[in-house]
Structures are given as C-alpha cells and as structure tokens.
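Colleague: Next one to model:
(4 chains)
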Amino acid sequence: MSEENKYWHILEEFEPIKDERLPKGREEVTSPTSRRNFLKVLGLGTASAAFIASCKRPAEKAIPYFIKPEEITPGKAAYYASSYFNQNEFCNVLVKVRDNRPIKLEPNPKSVVTPQGTSGRVQASVLDVYNVNRYQHPQKSGESIDWETADGEIVSQLRQLANEGQPVILLTPTIISPTTKKLIGDFAETFGAEWQQYDAIPMDGFREANQRTFGVNALPEYRFDKADCIVSVGCDFLGTWLSPVEFSGQYAKRRDLFNGDGNLNKHYQIEAGMSLTGSNADVRIRAERSDYGRILAYLYNQLATQKGAPAIDVPTPPQEITTKLDEVVADLAASEGKSLVVCGDNNPDYQVIVNGINQLLGNIENTIQFERTYNHFRGSEKSLETLVNSNPGAVIIWDVNPVYNHPKSEKIKAAIEKAPLSVAISALPDETTELCQYVLPSPGYLECWDDAEYKTGVVSILQPTLHKLFDARQAQESLLAWMGDESSWLDTIKNNWASTYFPQQNEQSDTERFWVETLKKGELVLETTPESITFNPDEIGNSLNTINTENQVEGFTIELVENVNIGTGHGPLNPWLQEVPDPVTRIAWDNYASISPAVARQEDIKNGDVIQLGNLTIPAFVQPGQADKTISIAVGYGRVNGIPEKLITGVNAYPLAKVENGSRQFAVPGFTITKTGDFEQMALVQGHQSMEGRPIVRESTYDKWKEDPASGNEMHEEIKHHHTTLYKKHEYKGHKWGMAIDLNKCTGCSACVLACNTENNIPVVGKKEVRRAHEMQWIRIDRYYNGDVENPEVARQPVMCQHCDNAPCENVCPVAATNHSSEGLNQMAYNRCIGTRYCNNNCPYKVRRFNWMDYTGADAIPNNRYDPANLTMDLSRMRHNPDVTVRAKGVIEKCSFCVQRIQEKKLTAKNEGRQLEDGELQPACQQACPSDAIVFGDMNDPNSKVSKMMKDPRNYHLLEELHTLPSVGYLTKIRNKS
Amino acid sequence: MEKQNIPEPVPFKFGKKLKTYLGIAAGIGLLALLIAVFVQQLPSERIWANLWMNALMFLFLGLGALFFWTVNTLGESTWQINFQRVMESMGLTIPFAAIFFVLAFPGLKDLFEWTHTEHLDRILQEKTPYLNMPFWMVRFAVYFILWSFFAWYLRKISVKNDFEPHDKYLGRLRATSGWFIVFFAISSSTAAWDWLMSIDAHWFSTLYGWYIFSGMFVAAIAVIILITIAFKKFNILPNVNKEHLHDLGKYLFGFSIFWAYLWLSQYLLIWYSNIPEETVYYVERVNNYKTLFYMNLIINFVVPFFALMTRGSKRQPLYLAIVSLVVLLGHYLDLYLAIMPGAVGHENASIGLLEIGLPFFYLAVFLTLFFISFGKAKPVPENHPYAIESSSYENI
Amino acid sequence: MKNIIYGHFTDDHDLLEAVKALQEKGIHIADVRTPFPVHGLDTVLKLRRSHLPKVAFIAGVIGAVLMFSFQYWVFTEGWPLNFGGKPYSSILSFIPATFEITVLFAAFAMGIAFLLRSNLGPGSIPDILDEEVTNDHFQIILSEKDNTLSETELAEALEATGALDVKQVNTKK
Amino acid sequence: MQVSQVREPLINGEKSYENITSDVMAPVRAKPGKLWFLGFGISALVMLAGFAAIAYTVWFGIGTWGVNRTIGWGWSITNFVWWVGIGHAGTFISAILLLFRQKWRTSINRAAEAMTLFAVMCAGLFPLIHMGRLPLAFFIFPYPNTRELWVNFNSPLLWDVFAITTYLLVSLLFWYMGLIPDLGTIRDRMKTLWKKKAYNFLSFGWKGSARHWQRHESMSLVLAGLAAPLVLSVHTIVSFDFATSVIPGWHTTIFPPYFVSGAVFSGFAMVLTLMIVTRRALNLQEYITVGHVESMNKVIIATGSIVGIAYITELFMAWYSGVEYERYAFINRAMGPYAWAYWIMMTCNVISPQLLWIKKLRRNLTFTFILSIFINIGMWFERFVIVVTSLHRDYLPSSWSMYKPTWVEVAIFLGTFGLFFTLFFLFIRIFPVIALAEVKSVAKSSARKFIRKSSKKSKPENE
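Modeller: Numbers count the residues shown, from 1 in each chain, chains lettered A, B, ... in the order given. Have a look, this model is predicted:
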C-alpha cells in the first residue's frame, strides 16, 4: 500500500522555490525540481542545441547532488498523475519521473476513461519533451526577443485592432480544458476576439448528424463492450477513430475467451482500404469507398423493411456485396439492442443513416449512450472560412497547423500573411508558425498545468513533471498576461475548480484538500444527467434521398486515412512513431498509395513504383484487401518546415482533400493513375505475407471452439506427447517468469512496441536502415495474410524473445554473453558480447537485434555515430531509462522481459517482507497494451494468471515442435465466422 | 625390414575336418533358432529381427570386402595383391546374402512400421512414394543384382589374368571397379535407409548411410584380417608378411576412428539441437539400452584405438587377430542397436540364446561359401603387373 | 682432439654396401650424412627406434586430461551457467576442444623434443664437412676415437669401399 | 622398396640428385624478374585495400555490410569457410597421402602446405572481423579474468577458435619441420655470407645426419598421424558451426564428413590452379608432371562426387523427413530467389567434375586449369548457399529477408586474395617450392632416369 502513496506523490505539497532567473512579473511555478538541478537541466538543454558528436560517456557529465533535495531519491522513480491529450486522443497517465526527468508514461489504473493501457502515441510523447527543435525563446520575425517586449507589442496592437473594430481571430485546436475555455471566453471578451476551433481531421459531420437526428450536438459514448454484433463501415475505431484506446479495451473484453463469459462478439467490417480495425474483423467485406452511402442505405432499407419502417429506394451496391450484407442484416436483426453500427465517414448524411440504423436496432441508450459525451472534435470547417473570408486584423494561432493540413492551404497562408498581427503559440516550428510575425514558444504537456474534460463529467488535471526546459510559456499564461490578469495560471485553475467542481462533490470539505486529493487521483468524476434526445425520423428520408442523388464518378477514389501511430501528423515529427511499422502494411517512415493487387497487375505496378495521382507523386504499395477502385493514402506525412532535413519523409496528402458543402471530404473521386517510372524503396519490415501453411498463428472458429476449446491447436498436445529430450530440464526453484499472449485480444495497435522502445532505450535507426532490415525494436507484430489475395484474412502475432529454456541462441555464444538465469530468463550481458551474431542466426524466431552501427553514441570509437533522428544529443538523451544500459555498437540486444522491472519489484517486495503478488509486476508491453492481450507472471505459481493461461487448451508455443521450450505462450485466435 | 624365409605355399583344400567344424557351427545356430521358436516361443518380431540382423551382417562382410578390393584397385594401390583373393572370395558371398534376406521377408511386417499401410500417420503417409513395398522390392532386387554382378565379373577378370595375362585386364578391372564404386556410393546409403533407417520410420539422419557403411567396412576388414592371418599361419598365403598385417591393422585402426567420428558427428549434432523428431532415436537407446549403448562405443572405438595405437601391435598376428575379433563382435552389437530398439522394442529385446547362437549358423554358411570360392582359384593372383610391389614394401 | 676421417658416395645403394662392408670389418661408424633419408640405413646402422612417438603420446594424454578437466571444472565448479538448458557437465561439448589441445600438445611436444634431442634449433652451428651432403653426396664419417684402427687404416678401409675424396680432419671438438 | 615398371614415372627428364637441387633452387637463387615484382606489387596493393576496408568496418560497424537482422552472416563467413576449405589440401596431401604412401605427393606437398597456411591465415581473419566488437576479440580465449568468467565451451565458434589455432600451428610445425633439411640445402648453395647465415638460422643447423633423418622420419609419420584427424576435425568443427543449429539447411548430420570432403575438393582445385601456373613460371614441369595433375584430378573427382552425393542425400532427406521447414528450405534453395547460386554450385561442383572420368581431360592442363577455377567458384557458392540461402528464409516468414553485399565486403574478400598472393609470392622467392629431400628420396624408384637404369641392370634390389 505504500506503493500507492508513492504513485500519488504530488508537487503541491512542497514549498515553492524562488528562482530569480525567471522573468519578472510571472508567478513561479511550483516545481519538483531543485534550483540546482534546474540549472543543470537548463544548461544541458541549451548546450545540446548544437550537434555534439562527442564520444564521452553521458555519465561523465552527471553532476552529483551537493545537497540532495528531499523529494528525490536517486535511483528511485516517482509517479505523477497527469493526462495526455493531443487533438484527437486522450489518456489518463502516470508520469514516471527519475531524477527530475519524466522518462515514461504509464496508464493510470484508477482512470475511469482509460484504465487499461495507452496508445503508442502516448508512449512516444515523452520523447517530444526532449525535442531539440523546440523554440527556445519568443521570436519576432525570426529574431529572438524577450517576453516583456513581445507582450508589450502584442497587447498594444491587439488593443488598437480592437479599437479599430478589426476582427481578431484566435484559432485553436479543440479545447477540452474547462478552465481554458473560460479563460478564452474572457480573452475574447476583452479583445473582441473570435474564437475558432479547428481539427486537422474533423468530425463535424457526426455532430451535425446527431443534431439532425437526435437534436443534440454531441458525440455519444459508444459501448463496444456491450455489442454482440459490431458493424463498422469504414470506421477504424481500434486505431484512429474517436477514442481508440478506450474502444480497444472495450472491444478486447468481448474478444476474451479466457477471462470472459465466453460470449464472443461478431465484428463485421465493410471498408475499402485495409484498416487496423478491418484487419481484426471476423468478417471483412471489401467495398468501394464510393459505395459507403449505398451500403448504409441498403442496410437501413433491409432492416427497415424487416421492422416495418419506411424504406426509400436507393441504388443497391454491387451484387457480390449485397449477398454478404444480407448476412450482416440477419445478424444485426438477431441482436437488437446489443449491436452497434458505426461509420467512419464524416459525411453527415451517412451518419444520419447510421443513427437511423442504430435507432431501428434499439441501440440508442444501450450501446450508444448520451450520458458522458465526448468533448473533443469541436472544430468545424467554419473556423477556417472565417479566417480566410473575414480579413482579420490579428490572427493568434495556437498549436494548429492549417497551412499544412488544410486543402486550402494557399488561402490560409494569404490570410495570415495579410493580417497586420499574426501570433503563433507553439512548441515547435511548423508550416504555420513560420508565417507568423510573433512566435511564442509553449512548453510540452509534461511541463504544464492544465485540466481536461474529455468526457462530460470526468475532469482530469495535468501537472508538470519537469521544469520548463526552454524559455517557454503556456498559451494560457500568455492570455492571462495580455489581459493584464496578474494571477497565475495555476491559481486560475484552482479557483475555477474551487468554484465549479468543489460544490459538485461532497467527499472533501476543504477546497485545498479537494484540490490535492484530485491531483493525486488525476481525475474527478461528477454526476451527470444524460442529454435528452428525441429521434427525428424525417432526417433519414432526407439523407437517403441525398444518397440517392450521389453521382458515381469515373476513375479511382482516393481516401485519406490516418496511420495508427502517425495520426494527423500534428506535433513534432516523432522518430519513435515513425520507426514503428504500420501494423497493416508493415511499412515505417513513409506513406504510400495503397492499391489493390488487381489494379497492380493491370497497371503493372510493383511495390515502390512511384505513381502520379493528380498533383501528388507517391510510391505505390500493393495492399491485399484493398478495393479495386479506391486508393488509400495516409495523411500526416510530408511535413517540411521545422523538421530537420534528414527526418523529412513521405508526401503531404492533405491537399487532396476537398471542401464541399461546408465540410471537408477525405474521400475524393475521379483520379487516374500515371506511372512516373521512378522507384522508391520503402522501409518495409516484412517482405513475406504468407505463413506458408505453417502453424505459426493458430486459429479456429467460434463454433469449433465451443465444441472443443483446443480446436485449431490439436497439434499442441500431439507435439507435447512427442517431446523427447536427451537431457533433463533444469529446475527453476524460485520464480519462473512467463508470458502469455492472447492472440484473440491483440489488435496490433503497436503500443507495446513503443512502450518497449521507451522503457528499454531502443535506438532509432532511420528509414535507410529499416530498409536494410536493421530495425532494432524488441517486439515486432508479425502480420500474415491468409486466403483470398483480394480480401485476405489477417492474423497477427506479437513476437519478442521467447525466453526459451532450451534456447538455441545461448548454446552457441562463444563468450557466454547470453545464458539462462535461475528464473528462466534468457539474459544478455552486453558488456561481454563481442557481436558474432551467431545467436541471432541460430534463433528460430529471429528476435535478436544487433547494433549495426553506433546508433546510440555509446561506442568508444569517435566520429562514427549514426544518428538519423538526432536522438543522441544531450537533450534527447535525457529520455533514457537509467535502469537500462544503452548498448554500444556491435552488441546484440533483445527483449529482457523488462528485467529491470522484475528486479525492482522483487526488491520492493523483499524490503516489505512479502511475496510478490501476481500482476504486480508488469513489463512495459503488458502495461501499455490497451486490450490486455499480454499477461506476465510467475509460472511456478500455480495460481498466477499466466500459469492458468498456459494451461488453457488454447495455449501453444511458437515453433514448439523444435523443443525450444519457450516461456512465451500464445492463445489461439478464434474468429467468429462460420 | 626383417628377413624372413618364405616357406613354400600350401595349396588350399576345403578339408573334411573344416567341413565338420562348420557343420557343427551351423547346427548350433539352427538349434538356437529352433529352441527360440518352439521352446522359448519368443515373440515373432524378435525372431525376424534376428534373421534380419544376421542377413545384414552376412551381407556386410562380403560387400565390405568387395568395396575394399575395388577401392584399392581403383586407387592403383598394390600392397593388397598378396591377399586379394580373400577379398574376391568374400565378395562372392553377396548373392547368397539375398537368400537370407528373402528368408526373412515374411517378417517384414513385424520389422517395418511403414508396411502397415492401413494406419499410417501423416508423416509416414507422405513417405509412401519412397517407402512402399513394390518400390522397396525393386530396389532390393537392383542392389543385389548389380552387387552380385560386379562381384562375379571382377572376380572373373581377375582370375582370367592368371591364365592369359594381359595388361587390358588390369584396365578393365579398374574401370569396372570405378563403376562399382559409383553404384556402391549411392546404393550403400539407400540400402541402409531401406533396410535399417526405415525401421524407425519417422526418424531420419542424412549421415546414416555413411555411418552404416563405416561400420560395415570395419567389420569386413576385421574378417579379412582374421582370414588372412589364418591363411598365413597355414602357409596358404605365405607371401603375406607383417607389412600387410601392419597395413590391415592401420585400416582397422583408422576406420574404427572414422566410425567413431561419424558416430560422434551424428550423436553430437542430434544431442546438441535436441529436436524431438531426431532425438527420439537416441532417447530410446540411451534410456533403455544404456549399457549396450556405451559398450558399443567402447568396443568399437576405445578398444581398437588403444590396442592398435602402437606399431608393434599391428605386426603381432595373434594380437591383431584378437582385436579384430573383438571389433567384429562390436559391430555386431552396433547392428543390434540399430535394429532391435525399433523393430522389437526394449520390452522384448534381450541378448539370449538366439542372439548368441544364430550367428554361428550364418558364419558357418559364410565360411563354407568363402572356402568353396577360394578353392576355385589360385590363392594369389598370378601375372599381376604390380605383383612385385606387394611383396617388397615396408612401413616406416 | 680427435681425428675425423670421411669420404662420400654418389649413390645411396653404394653407401649402404659400404656401411655394411665397414661394419663387417668391425669399424665403428661415427656418422652417416645423406641428402635424404636412405631406406634401410637405420637398420644397417642399428639405430634404436626413436622415442619421439612416445613423447607425442604422453604429451597428448597430458593435453587431453588438462583440457578436459579444465572444461569440466569451468562448467561444474568454476561458474556453472545454464546454456540453452544443457547440463552443466555437457561432456559431448568438451570433445572438440579436448581433441584439438591433445593434437596441439602432442605435435609440439614432439617437435620440440626432436629439436632438443638432435641439437637443432635456431642458432645452432653445424659441423659441415662437405656442403654437397645436402645435395647429392652420401657421406660416411669415421672417428679415430671410436675405433682401434689408426687414422690411415680407417681411411684405407673407407677408400676400399669405393668412397670418393677420403679426407682426414682434426677438429677441436 | 620396389616399384613396378608399369608405373608412370613421377619425375620426367634425366634428373640426377644434383639436377633436382639446382632446378628447385633456381627461383631462390635468381634475382626476381619483372613479372614477379608486378605480381607482388598488385597483390600487396589489393591486400592494403582490403585492410583499409577492414579498418572501415571496425570503425563504422558491421552496418557497413549488407548483413541484416535475418542474415547475420553473409560474405564474411562464406569466405571464412571457403578459405578454410582451401586450407585443407596441403595438410591432406602431406599427411593423409603420406599415410597412404602416395609418392606423387612429394612434388606438390611443400607448395600445397604453404598455400594451406596462407589460406588458413586468410580464413582466420574473417571470424575476427565479422565480430561487432573486434577490439574485444580476446574475450574468446579462456583467460583468467577478474570476473572469473571463462568461455562457453558449448559454442561451435569457440571450438573453431581451438580448431583453427591448432590447425594453423600444427600445419606450420609440420611444414617447417619438412622445410628444415631443404633450408640446409639452400644454405649450402648460398654464396653470400649473410644469406648463408640466415638460411642456417632458418634450417636450425641441419646437417643431414642419419640419426637426425631417422628421427625426422619418425616424427613426420607421427605428425602425419596427428594431422590426418586434425584435418578432418577442422572442417568438421567448421561444419558444426552450422550443423549444431536448428536452422533448416544448417542442421543436418551429414555436414561433418561432407564439409571435409568439400574442403579437400576445393583445396585440390586451388592447388591445381596455383600449381599449373607455378610449374610453368618456375620451370618445374618435369617435377610436377601431367601424371601429378591426373592424380590430383582423381582426388577431385572422388571428393567432388562425395559432395554431390551429399547434396542429393540432403535433398532427399529433406523430403523424406516430412518436416515442412526442412522441405521448404530445400525447395527454396533450388527454386527461391537465390536459386541461381544453387545452380551455379550444382553445375560447378557436381556436374563439371564428372568430365574428369575421361582420361584425356584428366590429363589436359588447360582443361584442368579452367575446371579448377570452376570448382573454386562452385565451392564458394556452396558456402554462400549454405550461409545465406538457409538463413534468408527460415522458420517465421515474417522475418524473411534478402542479402546483398556492399563494397566493403567485396573489398575485404579481395583483400584476402591480396594477402594470400603476397605471401605466396614471398614464399616462392624464399623457400624451395618442392620438397627437395622428399623428391630425392623417391627419385630412385620414380624418376625416369633411375627407372631406366635399374631396368638395365635388372638386378633385384633386395633389402
């Protein structure tokens, strides 16, 4: 229980420390850092602005504490509750801080919204703090100025403009912080400013549809865990749609055949491009993007006919789809009130029909609830129209980049340039900030105070875990300063909480106590009343009629999609995210145009052939399962401004989007393919897609599983039966660590890969090296296609070191650098490794990774560093987990089952004089997994979850016929199909 | 070189006394078989396995000798000329080995799991294109027809040169030897797979054929040594001197090491990788035949290695004969270990009256055939163009 | 001070005959030097068989025992490590290194023994009487010291066997 | 010992012992010619380029090579095995052929052994430079250290360390012991004092005493007895590098004898390549005769056929095993993306040597020379097929990958050729290319001159 206290360790309890070096007139921020240490951090940060190709070990730069600050125990991590929000993704987190540096983000298990796991982006966000490209001082036209001057000039101009009645536009992303919203309101009032919210990829169509059908402008809660039958039309809810971490958890609960009630959901995915969600579906129906409307209409009409509701004749989708859709309809009809139909298209008419279907099926108030609606995605197309059309006098652009991610980029650019005053508030340079006169650096979220109401009635606090690295200031502080408000931003938040939320609760009677307790927990859950909704059936008819008049345009339709890890491409270019291969295509560092195999054959296009689509030249990728007439391209690539040249990658696909009827469309018809004759080799990490009939991912169907839980895994018993050995097994007397992975729950989101990267200091090798199969990630998520090449089934398998008890790799190391621990770990002594790579050759799973070059700067030879992502600079090195060795050139590394965590927890338990509890010890991958697919524990403990899973009839070991005796077990994948 | 007075050769006669001895030996063998069948009523697979094992050993001696002769001929070596007829005559027993195999045919079902075509598992089903009765029989016939032909034809040329000397015969001998070796190189392996490896039908080892070959070769050399020493003692081959024995001893020594080398290669690699599909073979043997398993290695490697290491040991006829006899028994044991665990199983296999007695019968038949053949030609080839080299060389 | 008488032949067969002839006269032959090993010469000279093989055997046994026990010690006592589930005393794994060290010890012990026993080695200065011995001369060397016969008698006896260029030398050794 | 007169003489021309001495010594005595300097210069340059590439690798890391996460060993280990294989001919010739009393070995064993040493030196480089951390290469020796951590005696790579070291040292010993009498011969022919002194130093003061000869012969025989199993062990252990693994295409029990056979096969090919040129360049046609070439060709056809049978056995067993991974590995060899390498290997190693069944071709120097180069190439590809083709598609298709060498790897490989030829050029200037004493010892029974003489006398030489 003392552990818990450690978790909720907070900043507020400590005396603020005065720092004369901070700019005057500004409230000191209470900080966990001592002044001495702050100096050190600041010094390091500044020094690292330049490339320092130093061969010195980082240890030489460490300065020992002269007087140890009270709250810091060297070598011991502290955890602070906070939250991550980045435009379209939210996660309650615990920030792991070691020696004043946040080094890892972990899920907050007490969270209501995201108790299980995080996304990959959350994991990688810690790297953004230490980004060397951040603005370090306020700038005016590219010149550094100080805050006072900047504030003075901006305020005077704002007042003048306000007096002149010229419009002042404040362009922000969707703001979910209640205090900030109030603050902006005050600001707008003060300066007569117009506040516009902008989303790179909007969901205003959803809000509009809900307004039309239910009379509320809200994004409801979707309960995937309550749905027996999920039908998703082009909706990537496990990867990028609305709240993927939450949905992954809900979805996985219904894929769980080990803990759950054995009631598997059935997931239909109807889509054009192969999405992460589609690749997890039980039944994936390949359909053209341009047919989505008709498909929805068909589904509605069929259901309506069954339920006796009016149907409107709409051209039906092609025959081969309707036969499959009939099956979908039958399943939907059979699970009334327990089904869920979603569509990912922002077209309001489509959403209206989706609402109509869900209404018909009685899903409203069951699987779709309006109690705690989502507060993000408030942006609309109107915001930019205002900017472009209103000839603003002042533009304040806060952390959005429309110049990059809006198709009308040129007009926006013109509007900003024309405005007499343009101010950008941003941590990093981008396409938009470069156009603004003033650039005001803002800190990263790990350096900020903030609050957030992601879902109505669940309010979280963000607290800083690191003193601001640069001369940066939160946007809210700027607004306060401009308004002449002397109070600090923290006080503003506290005051707001005291006035707004304190009265709404009754647990705490003292406002200060209330604040501290909430801060410890990280969030406050309030009573809410559901939005009252009234269904308007007429809208369905209207929308059906609209769809009825849709023209079918000749040529290819391009759909712009988000990559699971890259998302909209907002924020700094994060090398960790870039290096994680897309879970579907397994390509890192690039975007590409996915075309179907049939088109590739017809047009004679091979992977990497550069094609021309409108104004876009982009390499093509042949994607099994892609609809023939649809080409999918991921947005979020092709950032140029403010990106170091060696990191520029991919092509910006946003300009292909179209603004139509006041909304942005990400599916645009009418393209033709032209081959340019160029070729670009992509960083494809998996060149072979088929399992070649090998029992690698074992699977079965739900029906067969119900009859025999070992179905699809019959060979496991047989192989076990045939196991013979010429020498006895070693005994493992104490712990024997093992891991079980439920293939039915893993969605492939890659959060584990990124968590592992962060935890284990895995270097980034860059596009060139990934192309050469030199990637370093310790976990990879293998993806195999099975069956019809036009619409294959997808099987996924996370593979890390299997920690074999009869490890072929250990036998062959000449210098004994890898051997087996007494707890069954396959361990590596990096210091001893001389890099023969023999172990890797002999590893049947090929999970060992070799430091081909000096990726980390840990090598003793000077001037040979290979650092494609500027991650060996002193600032970026602060991200390192000090418990894990940074490996030198020429050394083999691999998954260690997070041995540093094992040791730490063992020690804790020992100090507390107790046994380790099952589940107490989680490796980074398990911890980050939003779908709880990975379970780690002691196999010598018969009651541990992992040993129970190992005994499950579904359990098998990868390549078990080789008698390598892996410590990792996999539970078979069960598809709910006939 | 020691001066020796070479006595006059005594012409070989397959005398009555010898015949009586062989008859008694044959009788013992048959008696052992009859007791095993009717008195002890041993399980049928054990009977058949014994017949199979002895037929193989019978074949090995002839085939190994034929190989030894042909390989020396092809290598233009000449030291063997003085006892070449021993090898020739041993080779002539090959066709009779076929008869012994055929006698064991009724037991094939007991010996080979893959013959149970009604219930084969997946892996065995996949092997049927190779492991099926008709094809197996065809291979059997081809091996024996060709081996027998070569044994007969080579002998014919060799003898012909005695009477109408001509250099062309040597050329023909070499050419035929070449063809034989080519065929032997393939058939020795495939025959080992067919008749031995497929007893453990699931198991496989690429080295197996060569391993069996090396054992066969050592066994044949041991018998050549024994016969040559005996013939020397009775002055049938007076021209065989210590140099010949020395060299034969070296072969026995060297190829015992070679056998051990292959044994180790096969076992070490399988032990090291520890993949069940391969270890299954050795697990059975190491666990259930522990003593014999290690005895095999001691008799076939440790004994000849230390016993024949010194120069003098190889030049002492009696000593060399004893070592040869031990090694011959050792390879009988090796064959036992190759066959019994798979064909009989450790529950039923043991070394009893049958295993000890039956070989006498085969030995008697082998020697009878050998003596008959040997008596039909001159004991030493005459007019061999290189004959002089065989009588006048020395080991350092 | 001893006197040396030597002469040479140009054919190894003649040399063998000469040695036999000299020995029949009871003359002790100090040394015979030849450009290559002449077969039968050691028998005629009644040279003892060399002990070098025994040296090799003993050194080999020492090497084998040392290497094997070292490996065994390392894996069972020194620092027993679990490599791929193999037993600590994985004897089969010890065979290759043991074999190599056996051969190494045997070969080098024998090589060194050969050099020491023959007084050969870097820097050793030979007493060469006739440089053609390493070319095509087969040389017989007689020493007065070893024989009852006089220097001249020895020379005559040597010449009688057909030796060419019979010479007498007084060496200081 | 008597030799039948039907046998082909091993030394042609009317050679007396004196002739043998002067013929063989000629290159040592004479001043090197332009051609020698040219050859030596080029070799040395290529060697230096190779060393530069090695330095580059050590500096920037193995990432400068084309190897990757799937194919951990590329050209480096291919070259290693290839060079070690070539390094098997010399010791095979001097040890095993000595045991088998093959007299023809005497004309070629010296050069072949030298070649062995140089090839093993080239080979030995690769396991070192393929390490990610070459400066720490000393970790592979079991030396006492503060952590009391020894080495892993289970590792075939460690066995390699012992095997290659022992092999190099014992071969050197064997070679040098054989050289001692010949160095004495050179010493006595040298006119300048310093050369005399130098060669005396090198010859350890050899004087040709009967007792020394007796010991020398006895030692040679035991050394041969030791070296014979050593030769087998070296390539056996090299084969263990692969065969102990679990990788299909690597793990197969036939590897040890098949590797040995392949090694001798490639070694003889290299000896032929070199000797056919050397005998011309150094005027040694009468010592290294067509008969010698034919004998070597016979070894080639024997070992080549054994290798061929091993290939087919592997192929058959892969099918017979019923193990899908095994089967796939071999299908992939013959039909996958590296099939070209497989078929080069098959053509060069199995099919082309079969032409040597024809006596005329066996005795044709030009043909033999071309064929020997074919075999060198084929055997290199054999190792490439084993190393790369087996690795590039093993168990999990997700990790399958392709391999292509970079210029660094190519330069290192060429550099080892430079090293090899540099040493060889030095060797032919400093040491007698033919074992003088050994040739002389068989001259009487096998030289044309003596054969004729003895036949004239027709006097049986009873010993």
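Colleague: Now do the same contact list for residue A:258.
Modeller: A:742, A:949, A:952, A:954, A:971 (C-beta atoms under 8 Å, 6 or more residues apart in numbering or on different chains). Every C-beta, even on glycine, is put in place using the N, C-alpha and C of the backbone.
Colleague: Take the residues you listed and keep only those in helices.
Modeller: Mapping the contacts of residue A:258 onto helices (DSSP state H) picks out residue A:949.
Colleague: Just the ones of the contacts of residue A:258 in strands?
Modeller: A:742, A:971 (DSSP state E).
Colleague: Among the contacts of residue A:258, name the buried ones.
Modeller: A:742, A:949, A:952, A:954, A:971 (16 or more other C-beta atoms under 10 Å in any protein chain shown).
Colleague: Run a quick check on the last one versus residue A:953, I expect a contact.
Modeller: No. Under the contact definition of C-beta atoms under 8 Å, residue A:971 does not touch residue A:953, with a separation of 9.3 Å.
Colleague: Just the C-alphas of stretch B:250-258, formatted as PDB.
Modeller: What follows is stretch B:250-258 as a C-alpha-only set of coordinates in PDB (Å, rounded to 0.1, in the frame of the first residue of the first chain):
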ATOM      1  CA  LYS B 250      46.200 -49.500 -39.800                       C
ATOM      2  CA  TYR B 251      42.900 -49.800 -41.700                       C
ATOM      3  CA  LEU B 252      41.200 -51.400 -38.800                       C
ATOM      4  CA  PHE B 253      42.600 -48.700 -36.500                       C
ATOM      5  CA  GLY B 254      41.900 -45.800 -38.900                       C
ATOM      6  CA  PHE B 255      38.400 -46.800 -39.800                       C
ATOM      7  CA  SER B 256      37.500 -47.600 -36.300                       C
ATOM      8  CA  ILE B 257      38.300 -44.000 -35.600                       C
ATOM      9  CA  PHE B 258      36.400 -43.000 -38.700                       C
END
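Colleague: circling back to that earlier point, near chain D, from the buried ones among the contacts of residue A:258?
Modeller: Counting by C-beta under 8 Å from any C-beta of the partner chain, nothing from those sits close to chain D.
Colleague: For those residues, give me TSV that also has pLDDT.
Modeller: Formatted as TSV, these follow (pLDDT from 0 to 100):
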residue	pLDDT
A:742	95
A:949	94
A:952	93
A:954	94
A:971	95
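Colleague: Tally up the residues packed near the residue of the stretch 201-350 of chain B found nearest chain A, please.
Modeller: Using C-beta to the nearest C-beta, the closest approach of the stretch 201-350 of chain B to chain A is made by residue B:283 at 4.3 Å. When counting by other C-beta atoms under 10 Å in any protein chain shown, one arrives at 18 neighbours for residue B:283.
Colleague: Residue A:939 too?
Modeller: 22.
Colleague: same deal with residue D:212?
Modeller: Neighbour number of residue D:212 under other C-beta under 10 Å is 22.
Colleague: State the distance from the residue nearest to it when sequence neighbours are not counted to chain A.
Modeller: Ranked by C-beta to C-beta, 6 or more residues apart in numbering or on different chains and with sequence neighbours excluded, the top spatial neighbour of residue D:212 is residue C:118, at 4.9 Å. Between residue C:118 and chain A the computed distance is 39 Å (C-beta to the nearest C-beta, to the nearest Å).
Colleague: residue contacts, residue C:118?
Modeller: D:209, D:211, D:212, D:215.
Colleague: Generate JSON lines for these, with distance to residue A:656 as supplementary columns.
Modeller: Formatted as JSON lines, the contacts of residue C:118 follow (distance: C-beta to C-beta, whole Å):
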{"residue": "D:209", "distance to residue A:656": "95"}
{"residue": "D:211", "distance to residue A:656": "96"}
{"residue": "D:212", "distance to residue A:656": "91"}
{"residue": "D:215", "distance to residue A:656": "90"}
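Colleague: Considering those, which is situated nearest to chain A?
Modeller: residue D:215 (38.7 Å).
Colleague: Next one, pLDDT for whichever residue of chain D sits closest to chain A please.
Modeller: In chain D, the residue that lies nearest chain A is residue D:132 (2.0 Å; C-beta to the nearest C-beta). With respect to pLDDT, residue D:132 scores 91.
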